[in-house]
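> just to be clear, the model below is a prediction. Sequence and coordinates:
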Amino acid sequence: MARLKHIAQQRQEKLDKIRGKGINPYPHSYHRSHTTQEAFTIYEQIESSPQITQSPELSLAGRITAIRFMGKVAFSDIRDSSGKIQVFFSRDLLGNERYEFLHEIDIGDIIGAKGKLFKTKTGEISLEANDFTLLAKSLQPLPEKWHGLVDVEKRYRQRYLDLISNEETKPMFKLRSQIISASRQFLNKRGFIEVETPVLQPVAGGALARRFKTHHQALDQDLYLRIALELYLKRLIIGGFDKVYELGRVFRNEGISTKHNPEFTMVEIYETYADYNDMMKLVEDMVCNIATEVVGKNEIKFGEELINLTPPWQRICLREAIKERCGIDFEDYPDAKSLRIRMEKQKLEVDPSKDRGRLVDELISTFVEPGLMQPTFLVDYPVEMSPLAKRKRDNDHLVERFEAFIGGMEIANAFTELNDPQEQRERFRQQKAIQSTGLMTAKTGDEEPETEAIDEDFLQALEYGMPPTGGLGIGIDRLTMLFADKQSIREIILFPQLKVK
């Protein structure tokens with residue numbers, strides 16, 4: 001720590017010296033003619049074209065990642081978002097004063113340099129600088145010796161240092177951007193319209209999750225950060241849109257883990273006159289298309305597993321999957337109490353406040369989900385787990401719902417959407433009653449249980465008639481984890497939520 005303070009003090013002294021010479025160490029702008037990657041392309045064109053005898057003059061800019069003095073010459077590496085290039089400085093070309101000014105430059109500083117390209121004796125394409133400009137003085141030293149930032153928590157807290165120091169970080173977030181772009185292109189080509197719905201909502205609905213609460217001063221009204229995009233998108237379906245989607249952030253005031261962040265990115269998609277079978281086809285085609293666009297093939301490596309994304313994906317009945325992996329048939333246990341007793345016989349520690357739907361969900365996450373490495377649809381869920389889904393055509397105890405799993409984690413969730421307003425109201429009422437009972441069971445001290453309010457405006461909208469509709473939600477963060485081969489969601493979110501020190 002003392003050494004870092006000493007380095008910072010030295011840099012401050014250099015900054016004062018630079019300013020004392022009348023030089024602005026933080027100029028307003030700089031004309032950069034090319035990126036470093038474009039510079040390499042230009043030199044390759046020169047080498048392959050006999051009629052071009054010399055390089056044009058270029059102006060490049062970037063952060064210094066290395067600098068070496070060798071008497072009357074110096075070499076530095078500068079990095080921009082496209083890559084890095086070596087810059088060659090010589091006293092003869094720059095003159096004594098400009099060359100000596102190089103000694104005020106440190107690793108981490110951002111500079112601009114003008115000159116022509118050439119290839120060194122060692123075969124490295126370089127820029128021979130005839131002038132350079134300090135664009136930003138770095139007052140803090142970069143991670144030790146440019147070996148990269150390895151402290152995991154520091155990488156998350158100071159993502160800018162991670163991006164500067166670790167070469168593999170920036171391409172990973174470019175990959176995320178490409179996945180989002182490919183998702184939009186796929187849906188747009190299929191006639192879907194991208195829309196935006198409120199982030200602040202008077203009633204946060206569309207999923208079973210704990211909400212973030214805030215207060216609007218002018219309205220003197222409590223509002224909630226949305227936990228799903230669903231209910232407002234369905235309003236648009238009711239209003240006459242046939243195909244809509246939204247790609248945005250949702251917020252859930254729940255746990256943090258390698259697979260969960262309190263705010264995350266989803267794309268939710270709704271198509272009229274479709275059901276969950278159509279949504280299965282849509283999601284497998286979409287993910288396969290993203291793979292083709294982003295990585296150029298339908299196979300990805302995730303951990304030790306080689307995953308083939310080519311449709312069709314396997315479809316497994318949820319009931320059979322749970323029976324096969326732990327011997328429990330949830331159809332034999334019609335209420336939470338009986339299912340909880342059966343799970344306790346399986347040596348599971350069961351939260352007594354959980355309703356039957358959440359207990360089934362625990363069976364999925366414990367016994368089924370970890371083994372679903374290849375793309376798989378789990379289909380047909382208990383009605384208690386899905387208050388917004390239509391009942392299965394041949395079994396009133398189940399709904400037409402699937403979750404898609406890849407790499408041992410859920411990446412998508414879809415329904416044949418419930419469009420009967422009277423049944424929807426009754427489902428909401430039952431959900432509220434079950435939730436209230438569960439909260440009272442878990443209640444401690446004088447704490448008042450908080451239950452979800454029923455979205456009366458949505459129910460009123462349903463009464464005007466919603467056509468048969470298929471709905472689908474895909475988690476962009478987990479999809480990025482798969483394509484980037486990362487086991488933690490914090491790796492692929494630029495600024496993950498962390499506890500303030």
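Yes, it's here.

> below-threshold pLDDT in the stretch 51-200 of the chain: ranges please.
The model of the stretch 51-200 of the chain has pLDDT under 70 over residues 144-149.

> kindly report the same for the chain.
For the chain, the ranges with pLDDT under 70 are 1, 144-149, 435-452.

> could you rerun that using 90?
Residues of the chain that meet the criterion pLDDT under 90 lie in 1-7, 47-55, 142-155, 165-168, 204-209, 254-257, 346-353, 430-454, 499-501.

> what's the domain layout of it?
Listed by automatic domain parsing, the domain ranges of the chain are 2-142, 169-313+374-491.

> most tightly packed of those domains?
Ranked by mean neighbour count, these are led by domain 169-313+374-491 with a mean of 18 (mean count of other Cβ atoms under 10 Å). Glycine gets a C-beta too; all of them are placed from N, C-alpha and C.

> start and end of that one, how far apart?
9 Å (Cα to Cα, to the nearest Å).

> now stretch 485-493
First-to-last distance for stretch 485-493 - Cα to Cα - comes to 14 Å.

> same check on stretch 19-32?
End-to-end span of stretch 19-32 (Cα to Cα): 24 Å.

> before we move on, back to that, adding distance to Ile328, write the domains of the chain out as JSON lines.
Below are these laid out as JSON lines (distance: least, Cβ to Cβ, whole Å):
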{"stretch": "domain 2-142", "distance to Ile328": "52"}
{"stretch": "domain 169-313+374-491", "distance to Ile328": "13"}
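
> please, where are all the helices along the stretch 351-500 of the chain?
356-363, 421-442, 456-462, 476-484 (DSSP state H, counting those that start in this stretch).

> so for Ile23, which of these sits nearest?
Closest to Ile23 of those, according to Cβ to Cβ: helix 476-484, at 42.1 Å.

> quick revisit: out of the helices of the stretch 351-500 of the chain, which is closest to Ile52?
For the helices of the stretch 351-500 of the chain, proximity to Ile52 was assessed by Cβ to Cβ; helix 476-484 is nearest, at 39.4 Å.

> for the closest one, packing partners?
Helices and strands touching helix 476-484, by 3 or more Cβ pairs under 8 Å, 6 or more residues apart in numbering; DSSP states H and E, are helix 169-189, strand 263-272, helix 276-295, strand 299-302, strand 409-416.

> which one, of those, ends up nearest to Leu482?
Among the helices and strands packed on helix 476-484, strand 299-302 sits nearest to Leu482 (Cβ to Cβ), with 5.5 Å.

> partners of the helix or strand hosting His215 in the sheet?
In the assignment (DSSP states H and E), His215 maps to strand 212-216. Paired with strand 212-216 in the same sheet, following DSSP bridges, are strand 221-225 (antiparallel).

> report the next helix or strand after the strand it pairs with in sequence order.
Counting by DSSP H and E, the next helix or strand C-terminal to strand 221-225 is helix 230-239.

> tell me which residues are up against whatever helix or strand comes next after that following helix.
Downstream of helix 230-239, the first helix or strand assigned by DSSP H and E is strand 243-251. With Cβ atoms under 8 Å, 6 or more residues apart in numbering as the test, strand 243-251 has contacts from 180, 183-184, 187, 190-197, 199, 211-212, 225-229, 233, 236-237, 262-272, 476.

> for the domains of the chain, which one sits closest to Arg342?
domain 169-313+374-491 (14.4 Å).

> give me the distance from the closest one to the chain's centre.
15 Å (Cα atoms, centre = their mean, to the nearest Å).

> thinking again about what came up before, the domains of the chain: which one's closest to Arg356?
With Cβ to Cβ as the measure, domain 169-313+374-491 is the member of the domains of the chain nearest Arg356 (5.0 Å).

> for burial, what's the neighbour tally of Val500?
Look at Val500: counted by other Cβ atoms under 10 Å, it has 4 neighbours.

> gap between it and Ile256?
13 Å (Cβ to Cβ, to the nearest Å).

> for Met343, same thing?
Counting by Cβ to Cβ - Met343 and Ile256 are separated by 25 Å.

> Leu339 touches Gly357, doesn't it?
No. Contact criterion Cβ atoms under 8 Å: Leu339 and Gly357 do not qualify, at 10.0 Å.

> and the two? Which one has more around it.
Per other Cβ under 10 Å, whichever of Leu339 and Gly357 has more neighbours is Leu339, with 24 against 21.

> contacting residues for that one?
Contacts of Leu339 by Cβ under 8 Å, 6+ apart are Ile328, Phe330, Tyr333, Arg356, Leu359, Val360.

> what's the answer for Lys114, then?
Counted by Cβ under 8 Å, 6+ apart, Lys114 has contacts Glu57, Leu58, Ser59, Leu60, Ala129, Asn130, Asp131, Phe132.

> ok, now Thr35?
With Cβ under 8 Å, 6+ apart, Thr35 has these contacts: Leu60, Asp80, Ser81, Ser82, Gly83.

> now do Thr133
Contact analysis of Thr133 by Cβ under 8 Å, 6+ apart lists Pro27, Tyr30, Ile111, Gly112, Ala113.

> next: Ile300.
Counted by Cβ under 8 Å, 6+ apart, Ile300 has contacts Ala291, Leu306, Ile307, Leu309, Leu482, Phe483, Asp485.

> and the second one, backbone torsions?
In other words, Leu306. phi -90, psi 120 (degrees, to the nearest 10).

> doesn't Asn298 make contact with it?
No. Checked against Cβ under 8 Å, the pair Leu306 and Asn298 is beyond contact range at 11.1 Å.

> and Glu320, that one's in a strand?
No. Using DSSP: H, G, I helix; E, B strand; the rest coil, the secondary structure at Glu320 is helix, not a strand.

> for it, what are its contacts?
Glu320 touches nothing, counting by Cβ under 8 Å, 6+ apart.

> quick check: which element contains Val150?
Counting by DSSP H and E, Val150 is part of no helix or strand.

> from Leu247, how far out is the nearest residue in space to Gly465 that is not next to it in sequence?
Closest residue to Gly465 apart from its sequence neighbours, by Cβ to Cβ, 6 or more residues apart in numbering: Ile238 at 7.0 Å. Distance of Ile238 to Leu247, given as Cβ to Cβ: 21 Å.

> kindly report the same for Ile64.
In this view, Ile64 and Leu247 are 37 Å apart by Cβ to Cβ.

> do Lys281 as well
According to Cβ to Cβ, Lys281 stands 20 Å off from Leu247.

> what does Ile493 give?
Ile493 is 15 Å from Leu247, by Cβ to Cβ.

> quick revisit: for the contacts of Ile300, which one is nearest Pro143?
So of the contacts of Ile300, ranked by how close each gets to Pro143 (Cβ to Cβ), first place is Asp485, at 23.5 Å.

> backbone torsions only: list them for the closest one.
Backbone phi and psi, for Asp485 under degrees, to the nearest 10, turn out to be phi 60, psi 50.

> surely it touches Lys301?
Yes. The criterion here is Cβ under 8 Å, and Asp485 meets it with Lys301 at 5.8 Å.

> sorry, back to before: ok, which of the helices and strands packed on helix 476-484 comes nearest Lys347?
Closest of the helices and strands packed on helix 476-484 to Lys347 is strand 409-416, at 24.0 Å (criterion: Cβ to Cβ).
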